[in-house]
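In: kindly generate the corresponding structure for this input.
(chains A and B)
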Number of protein chains: 2
Amino acid sequence: MLADQQFLRIPGPSPIPPSVHLAMGNTMIGHRDVEAKSLIEQLRPRLKPIFGTKEEVLILTGSGTAALEMAVVNAVEPGDEVLILVTGSFGDRFAKICQAYGINVHRLDMAWGEAIDTRIVETYLQQNPTLKAVFATYCETSTGVLNPVKELANVVRHHSEALFIVDGVSCVGAVPVQMDNWGIDILVTGSQKAFMLPAGLAFAAASARAWKRIEENNTPRFYLDMKKYRDNINNNTTPFTPALSLLFGLKQVLQLLEKEGLENVFARHKLMMQMTRSAFKAHHINLLTTDESASPTVTAVKPTDFQVEELRKTLKNEFHLSIAGGQQQLKGKIFRIGHMGYCSPADVLQTISIIEMALIRIGKPLELGKGVEAAQKTYLS
Amino acid sequence: MLADQQFLRIPGPSPIPPSVHLAMGNTMIGHRDVEAKSLIEQLRPRLKPIFGTKEEVLILTGSGTAALEMAVVNAVEPGDEVLILVTGSFGDRFAKICQAYGINVHRLDMAWGEAIDTRIVETYLQQNPTLKAVFATYCETSTGVLNPVKELANVVRHHSEALFIVDGVSCVGAVPVQMDNWGIDILVTGSQKAFMLPAGLAFAAASARAWKRIEENNTPRFYLDMKKYRDNINNNTTPFTPALSLLFGLKQVLQLLEKEGLENVFARHKLMMQMTRSAFKAHHINLLTTDESASPTVTAVKPTDFQVEELRKTLKNEFHLSIAGGQQQLKGKIFRIGHMGYCSPADVLQTISIIEMALIRIGKPLELGKGVEAAQKTYLS
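Out: Numbering: from 1, shown residues only, chains lettered A, B, ... in the order given. Prediction:
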């Protein structure tokens, strides 16, 4: 292998396109100068289609978790009852944030690797009419599940007055989302996944009825106060000095997404998911999720006859390929391959071919090329 | 002038050195991978001398205000009495954050442009023994004042049990600070000033007695919980995905600072301040602050016979030079020149020579070159 070449196939941070790297090298500007205002003015309308909303998409400087917390402290108050739909460690994070703020948390935990069952949610909502908000994770990064957010939004709207709040960190920009049409009240995401940027920016949008709650909400907050961000973005600025180099990059990211076309971006991610899954199926290596609940951005593999951490170590040390392991209860039991953002079907073929070689290295009997062949056929079909 | 050349002489964001731009273009890495751990391990000991502390300097992804809020929500609780020493808009921001959290705020407001009077603070502390914390701004960006933080720390230690919390955003890295020796309990700063990086990272360190309070503090917090950052940095990682491209840049920034030597960095900033001040004195244009209270990073000028905003407009439009105006009560009354981070005495000469030409353009009678001459003499003396 080539010493200076690293393959980043974890479910975020994802690789940065060369043109985005270059854009981030733009000369620094004053955050209150006309150049910054012009930049934000250009970004605003172009973020909306990615969220599927006519509302403003607020730009926050922080990690994805800052955006999750922003949703919590703006939408609900201490003592409020909320329902958290937990399908893995990021659903669990929503619960931890709510608990830190003294919010009365109801949890519905699915088995890790399974998607949220909308019928269970429907029943729960009918039995608990006092819920103020329902929190869900669109793509659960820890399991590779894409939850049925459209159906969930529908269920929440029909059986509850609760706000429906969605963590879209590891998929928005790679999968369809129609915030307004589906009825999502708050949707947040981060920059280091399908947005093809380094971590450091987060995004949040809220529905009209969410804004009403936000305005009435007395939870103490300052840096994460969504009202401040809205009032400022209406003047093409931010309440606090933003991560400008990432904003320069974001402009280029939007150009790339628009040039490819969002529908094509979504189709590419779906294809990469199908190629990845077909490869492991060809080798009879178990996948954690069903085809129906699989995310286009990350695939979790649950092998039975080789050690996950041994594979990861060989991939990293000999082949410079980073994939993720399991988190919490899945630690040592699964590995996760990110195929999002600046990643193509060709990259998937490369990833699979490297993994096949690494499996041979760690002593797993395997027909080399069989997974690649399956992925190629998936591509060509 | 050259169309593609912009001069950024506002008090932050400051210009990015070319080698730091290049470093930020490093290939993206996994935030839990060995490369990220190795990077953070290298950064940790090298941040400490800049803060003058043996404690860990925590790395947060966010704007400077996120670090101010981090200090507030970790050090004090709702209902606690705190004293805010306000010398301008950033002292005022500390007060606003505390008020948002239901903290009982005592304010001592100085006239904008004046430094904190330690004798007033001493008297106030003696009369108010129940204060839990005293907040001060080291460099008040809005006025160009450098507050006597060393003396204030001494006064707080001798007359109070309060924690002494300092906003160092627009000067740490450009001026001496001995957090441990002076007795500062929490010191925070941001990346876009003397750290020569884009905004997006913030830093915070706490004394042993501050950590005791932080551990006992029940204020709801999650993203800004200092305990999470400390527990993680001890394992060379961060609780949430960090702004990795800025961390790549930070490594290069530390190399630049170490190569120049911190004492030389501090001397350079002091010299740039003296050069800037001597230039305006030569033209008999008023400075907002006294020599004794002037900050080495930003100079505020308060002219009486020309319009500040007319000057700024001409500087920006004809000469591509950005300087800052006044904030709040000083809007339209002062202009502020940043001389921090990637800025040299030669840049100061250029800035002054451009300002002289712009003053002629807006009709102020002026002896061209006289300010430059004064600055040159200051440099040579």
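In: need the residues of the stretch 251-381 of chain A near chain B, please.
Out: Those residues of the stretch 251-381 of chain A that sit near chain B, judged by CB under 8 Å from any CB of the partner chain, are A:316, A:322, A:324. Heads up, the C-betas are built off the backbone N, CA and C, glycines and all.
In: of the residues you listed - the most surrounded one?
Out: Counting neighbours by other CB atoms under 10 Å in any protein chain shown, the top entry in these is residue A:324, with 23 neighbours.
In: identify those among the residues of the stretch 251-381 of chain A next to chain B that sit within helices.
Out: residue A:316 (DSSP state H).
In: what's the closest of the residues of the stretch 251-381 of chain A next to chain B to chain B?
Out: Nearest to chain B, judged by CB to the nearest CB, of these is residue A:322 at 4.8 Å.
In: bridging residues for the closest one?
Out: In this entry, residue A:322 is beta-bridged to residue A:8, by DSSP bridges.
In: export the residues of the stretch 251-381 of chain A next to chain B as TSV, with columns for pLDDT.
Out: Below are these laid out as TSV (pLDDT from 0 to 100):
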residue	pLDDT
A:316	97
A:322	98
A:324	98
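In: where do the helices sit along the stretch 151-300 of chain A?
Out: A:179-182, A:208-216, A:226-233, A:244-260, A:262-282 (DSSP state H, counting those that start in this stretch).
In: pick out the residue of the stretch 51-200 of chain A closest to chain B.
Out: residue A:200 (3.3 Å).
In: can you count the residues close to that residue?
Out: Neighbours of residue A:200 using other CB under 10 Å come to 31.
In: and what of the one 4 residues further on?
Out: Applying other CB under 10 Å, we find 27 other residues in the vicinity of residue A:204.
In: same thing with residue A:345?
Out: By other CB under 10 Å, the residues close to residue A:345 number 18.
In: that one and residue B:333: what is the separation?
Out: To residue B:333, residue A:345 is 61 Å away according to CB to CB, to the nearest Å.
In: likewise for residue A:236?
Out: Taken as CB to CB, the span from residue A:236 to residue B:333 is 25 Å.
In: thinking again about what came up before, quick one: which of the helices of the stretch 151-300 of chain A is nearest residue B:372?
Out: Smallest distance to residue B:372 across these (CB to CB): 30.9 Å, for helix A:244-260.
In: mind listing what the residue of the stretch 51-200 of chain A closest to chain B touches?
Out: Contacts for residue A:200 were tallied using CB atoms under 8 Å, 6 or more residues apart in numbering or on different chains; they are A:61-63, A:191-192, A:243, A:246, B:61, B:200, B:242-243, B:245-246.
In: that one pairs with what?
Out: Beta-bridge partners, per DSSP bridges, of residue A:200: residue A:62.
In: whichever residue of the stretch 201-350 of chain A sits closest to chain B: neighbour count?
Out: Taking CB to the nearest CB as the measure, the point where the stretch 201-350 of chain A comes nearest chain B is residue A:243, at 3.3 Å. Residues contacting residue A:243 under the criterion other CB under 10 Å number 36.
In: quick one: the residue nearest to it when sequence neighbours are not counted and residue A:56, what's the gap?
Out: Counting by CB to CB, 6 or more residues apart in numbering or on different chains, residue A:243 lies nearest to residue B:200, which is 3.3 Å off, once chain neighbours are set aside. In this view, residue B:200 and residue A:56 are 21 Å apart by CB to CB.
In: care to break chain A down by domain?
Out: Per automatic domain parsing, the structural domains of chain A span A:7-14+A:261-380, A:18-258.
In: highest mean neighbour count out of the ones you listed?
Out: For those, the largest average neighbour count (mean count of other CB atoms under 10 Å in any protein chain shown) is found in domain A:18-258, namely a mean of 22.
In: so for that one, first residue to last residue, what's the gap.
Out: 17 Å (CA to CA, to the nearest Å).
In: repeat for stretch A:284-291
Out: 15 Å.
In: any chance you could list what contacts it?
Out: So stretch A:284-291 is contacted by A:112-115, A:143-145, A:277, A:280-281, A:294-295, A:299-304, A:330, A:334 (CB under 8 Å, 6+ apart).
In: which bits of the stretch 51-200 of chain A sit near chain B?
Out: A:61-66, A:69, A:78, A:96-97, A:100-102, A:190, A:192, A:198-200.
In: can we see that at 6 Å?
Out: For the stretch 51-200 of chain A, the residues in contact with chain B (CB under 6 Å from any CB of the partner chain) are A:61-63, A:65-66, A:69, A:97, A:100-101, A:192, A:198-200.
In: in JSON lines: those, plus pLDDT.
Out: Formatted as JSON lines, those follow (pLDDT from 0 to 100):
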{"residue": "A:61", "pLDDT": "98"}
{"residue": "A:62", "pLDDT": "98"}
{"residue": "A:63", "pLDDT": "98"}
{"residue": "A:65", "pLDDT": "98"}
{"residue": "A:66", "pLDDT": "98"}
{"residue": "A:69", "pLDDT": "98"}
{"residue": "A:97", "pLDDT": "98"}
{"residue": "A:100", "pLDDT": "98"}
{"residue": "A:101", "pLDDT": "97"}
{"residue": "A:192", "pLDDT": "98"}
{"residue": "A:198", "pLDDT": "98"}
{"residue": "A:199", "pLDDT": "98"}
{"residue": "A:200", "pLDDT": "98"}
